[in-house]
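# give me a 3D structure for the following:
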Amino acid sequence: MPSQHSEHMSDHTSGHRERMKQKCDAKGMASLTDQELFEILLYPLLPRIDTKPIVKDCFKNFSNFSAIINAPDAKLSEIKGVGKETIRHLSIIAELLDRISYERVIHKNFLTNWTELQSFCLQKLSYRPIEALMAILLNNQNQVIAIKDLGSGTVNQMTVYPREILKVALLDEAVGMILVHNHPSGDERASKQDIDLTKSLQKTLKSANITLYDHLIVAGGKCISMRNQGLFDF
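As a prediction, this is how the structure comes out:
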């Protein structure tokens, strides 16, 4: 009996693919479910393989599109039928989404583009397996002039120094900054370390006439503002 990921496409599989293509042509891509859209994405990569069980396994293990696209290579390779070419293709899509998200915030006023800025942070950090920190640098017109990765640490913590972050800001001649980091645990509450870093960085930046506007925490599919929570002074 052939396996569910047989290299030879059956008449049933061929018919299914044709029906999916007809659905796209007749109703448009928006008519497809997430799983159907992912199936079609895999067609050129796996021309002789039934992609339906592969897609089913992916959604079973990673729950949604974003989690699949951003999953570590090692985890993706555990899915039967997902090989190096598919993983490379998914990495390309993830990078493309990152760049599109970046284009929507760079050189824009963060105050009038707040939703897009939060979406960028979610795209960049939601699925990182360890804590990562980045700085969004601003000019005197509140425009985003650069976004810098500041490093990463363990699952629960990382070591960062305010003076090192200040150097990054000075190199780009920034007058404002928004700090962003993720909580891989999904806990959206600011830790004592988060609050201490925020207060210390605020003082360090202020000494160089740079304003720390906010510290965002990405966790549980949300982007939380520590400023809105009243966790540091202005």
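# every contact and neighbour count from this point should use C-alpha atoms.
Noted.
# ok, the closest residue to K206 other than its chain neighbours to A67 distance?
Spatial nearest neighbour of K206, chain neighbours left out: L212 (7.8 Å); criterion: Cα to Cα, 6 or more residues apart in numbering. Going from L212 to A67 by Cα to Cα, to the nearest Å gives 31 Å.
# which of the two has more neighbours?
L212 (24 against 15; other Cα atoms under 10 Å).
# the bottom helix or strand of this structure by mean pLDDT?
Within the chain, no helix or strand scores below helix 11-27, which has a mean of 79 by mean pLDDT, DSSP states H and E.
# quick check: pLDDT value at G230.
The per-residue pLDDT reported for G230 equals 84.
# do the same with N142
pLDDT at N142 comes out at 96.
# how about it, what does it touch?
108-111, 176 (Cα atoms under 8 Å, 6 or more residues apart in numbering).
# in helices, which of those fall?
Using DSSP state H to define helices, no part of those is located there.
# out of the residues you listed, which is most surrounded?
G176 leads the contacts of N142 on contacts (other Cα under 10 Å) with 25 neighbours.
# neighbours of S63, how many?
12.
# begin at 560 from here
Got it, the first residue is 560 from now on, which makes the last one we talked about S622.
# how close does it get to A694?
29 Å.
# same question for L764.
For L764 relative to A694 (Cα to Cα), the value is 12 Å.
# okay, domains of this protein per the record?
For the chain, automatic domain parsing gives the domain ranges 570-658, 667-784.
# next up, the contacts around I695.
Contacts of I695 (Cα under 8 Å, 6+ apart): 703-707, 736-739.
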